[in-house]
Structures are given as structure tokens and as C-alpha cells.
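J.: Coordinates for the following, if possible.
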Amino acid sequence: MPHAIFVACVWALLRADAFSGHGRWGDAVPHTLAGIAGAAFGICSCAAVLGLLLHPFQIRAVRMLEGYWGRWTATARLAGVMVRYQRRRRRSLEAIVPEATVLGADLPVSADERDPATPPTESPSERGRRAATAREWARADGAHRLAALPPSETLLPTALGNALRAGELRAGERYGLTTLTSWPRIYPQMSRPLAAVVSSARDTLDTAVNLCYSFSACGVVSGAAVLDEPGMWWLPAGSLGAAALAYKGAVTAAQGYAHLMHVVYDLHRFDLVRAMHHPLPDREGEWDLFQRISDALADRAADLPYDHGRPGQAETGGTA
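T.: Numbers count the residues shown, from 1 in each chain. Okay, the predicted model is just below:
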């Protein structure tokens, strides 16, 4: 669907001859049933081919919106500016959360803080409780937004990148596993219901990213086509607005996907141990075992015993 939107946009602009001056917008859509059917077939066919051509670049497309822009000098400088903005944003959240926590319910409310809709008969204690509730909501919102961000030293330039990085740096690390290296190994161990949910969340993220690209491309192409028609400037403006909405949806989908990554490690980290044929640890030895597995996955020497599930066949030690 995202590719069909772009193809349909270009097709309509070409039919209206919008690139050659003032467009004939009445001709943008066919007036006969056969023409509509032919147009639908052509748009779907072109969109399918475009989708197949671009599918191998899906991961790179997501990473571009995440903010991995270090390959070019100009984008690397822009990334530095945006990372500094993200750090200021994080520091402001860090300041809001403890401040709202310190403020108590018995603090007085000044006349400037008073809600104009507050009845004059409301007692000071009631106003204090209501103000404290508002502060608590602000603290909870700040804490929620702060939890969705990675540590300051690992921030990326964009909200999408930070939403995904928060999951990539915390999901397995809570147990001693490095998420980036262990995720491809733990993914096949998921139960079918959870795998379906994770796959759906990833599809939602990819769709939102593709919609963002498609609407952005529509905005650029339509902007070039109607540059000399001020009455049609709503077309690129609407396309760019839809792109911004799609990006916001991608950030929300990324936060949900990152949460599911946490769930995968909560439920299936010991399935990963079994799949790698290591003995299951007790609570005291869990962190040490997962750190050693992370070392092995990073091609570092790690003393890991094997357990192949056959009596008398378990190895008591070894270097992976």
C-alpha cells in the first residue's frame, strides 16, 4: 500500500499534465469504468514491482530514519546537532521527574496557579491536593517518556532511533545478555503466539516507515508539479503532514516493539540456554552465565560447559 500511494500520486500528476504548467485536474482520474479498472491494474502492478525492488533495502530505510547518518559529512554534522538536542530534552525530563517527586501534596497553591474554573469556596487543602495530583501526573508522564529513551551517551538524532535503541540496549542487558548479538539466537526460540505478536509489531513499524517515505516523496513530487499553482499548494502540504503523522506512528510502533523485546527475554532467555546446549543456571548463577554467553557470541573467550541432555554426556567445562 505505501508504494501504491506514491505510484498513484505520480500517475495522477502525469495524467493532469501538472509538470507542464497549470494542471488539467479534471483529467487526473478516468471517467469510465474501463479506465478506472485499467488505472487500478497499472498502479497495483507498478507498486508491486517497486515494492520488490525496494524490499532488500527495508532495514537500511529504517536505519536512515533512526539517525545513522555518519557516512556523509553533511549528515554527520546534522546528526551531531540533533543528538545535542536529544540530550537537552533528556536532561529536561530528568529535571522534571525528581522535581515533581519532591513537591508534596501540602505545598500551597498561589493565585497564579489557581484554575480559573475553581470555585471560590474550595478550601486551600483541596486546592493543594488537586495541584499535587497534577504534579504527580506530570511526574508520571516524565518518567514514562524518560524510560523510553536510552542512556544519554547512546542517544541517536531521532525519536525513532531512540525508541528502538532503548529496546536494543535494555531488553537482554537486564539479565547479562547483549541484546544485539543474542536477539538473532533468541528469536527462533519464541513461542508461536509471541512470535506472531512480535512479527505483527515489526510489520506495523515497517509499514509506518514506508508510509513516511511515500508521503514525503509525494510531497516533493507534487510540490515540484504545482510550484506555479498556489491554489494547489495544499497537495504537497497535506502530503508532508501525512508523512509527519506516519513518522509519529512509526515512533509509537517502535516503542511497542521495544517493549515486546523485553517480553521475549523475560519468557525465553532460558530457551536460548537450552538451544545452545548449556546447563540451566540457578538464580545466583544466571547473570554470570548470560555474561559468558554474551562473551562467546562476541567471539571472546568464555568458559562454558555443555549439556546435551544425555546422562553422563555433559561436559564440565570448555572454552567457547
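J.: From residue 202, how far out is the residue most central in space within the chain?
T.: Most central in the chain under C-alpha atoms, centre = their mean is residue 254, positioned 2.4 Å from the mean C-alpha point. Distance of residue 254 to residue 202, computed by C-beta to C-beta, to the nearest Å: 10 Å. Quick note: C-beta positions are derived from backbone N, CA and C, even for glycine.
J.: just to revisit the earlier point, and the residue nearest to the centre of the chain, what element?
T.: Taking DSSP states H and E as the criterion, residue 254 maps to helix 234-275.
J.: tell me which strands and helices that helix is in contact with?
T.: Of the remaining helices and strands, those touching helix 234-275 by 3 or more C-beta pairs under 8 Å, 6 or more residues apart in numbering; DSSP states H and E are helix 159-170, helix 179-186, helix 192-225, helix 286-297.
J.: Can you give me the pLDDT of residue 119?
T.: The model reports residue 119 with a pLDDT of 51.
J.: The residue nearest to residue 82 when sequence neighbours are not counted: what secondary structure?
T.: Take residue 82 and drop its neighbours on the chain: the residue closest to it by C-beta to C-beta, 6 or more residues apart in numbering is residue 157, 3.5 Å away. In the three-state summary, residue 157 is assigned as coil, counting by DSSP: H, G, I helix; E, B strand; the rest coil.
J.: give the contact list for residue 157.
T.: Each residue near residue 157 by C-beta atoms under 8 Å, 6 or more residues apart in numbering is listed here: 67, 69, 78, 79, 81, 82, 83, 86.
J.: Make sure I have this right: the second one is in a helix.
T.: No: read with three-state DSSP, residue 69 is coil and lies in no helix.
J.: That one is in contact with residue 76, isn't it?
T.: Yes: contact criterion C-beta atoms under 8 Å: residue 69 and residue 76 qualify, at 6.0 Å.
J.: Of these two, which one has the most company?
T.: Per other C-beta atoms under 10 Å, whichever of residue 69 and residue 76 has more neighbours is residue 69, with 20 against 12.
J.: For residue 256, see how far away residue 186 is.
T.: In terms of C-beta to C-beta, residue 186 sits 18 Å off from residue 256.
J.: Can you point out the buried residues in stretch 253-265?
T.: Residues of stretch 253-265 classed as buried: 253, 254, 255, 256, 257, 258, 260, 261, 262, 264, 265 (neighbour count, 16 or more other C-beta atoms under 10 Å).
J.: which other residues reach it?
T.: Residues contacting stretch 253-265 (C-beta under 8 Å, 6+ apart): 148, 160, 163-164, 166-168, 170-172, 174-175, 177, 179, 183, 186-187, 190, 194, 197-198, 201-202, 204-205, 208.
J.: Over to stretch 279-298?
T.: So stretch 279-298 is in contact with 172, 175-178, 181-182, 185, 269-270, 272-274, 276, 278, 301-305, 307, 314, 320, going by C-beta under 8 Å, 6+ apart.
J.: What are the phi and psi values at residue 23?
T.: With angles defined as degrees, to the nearest 10, residue 23 sits at phi -70, psi 150.
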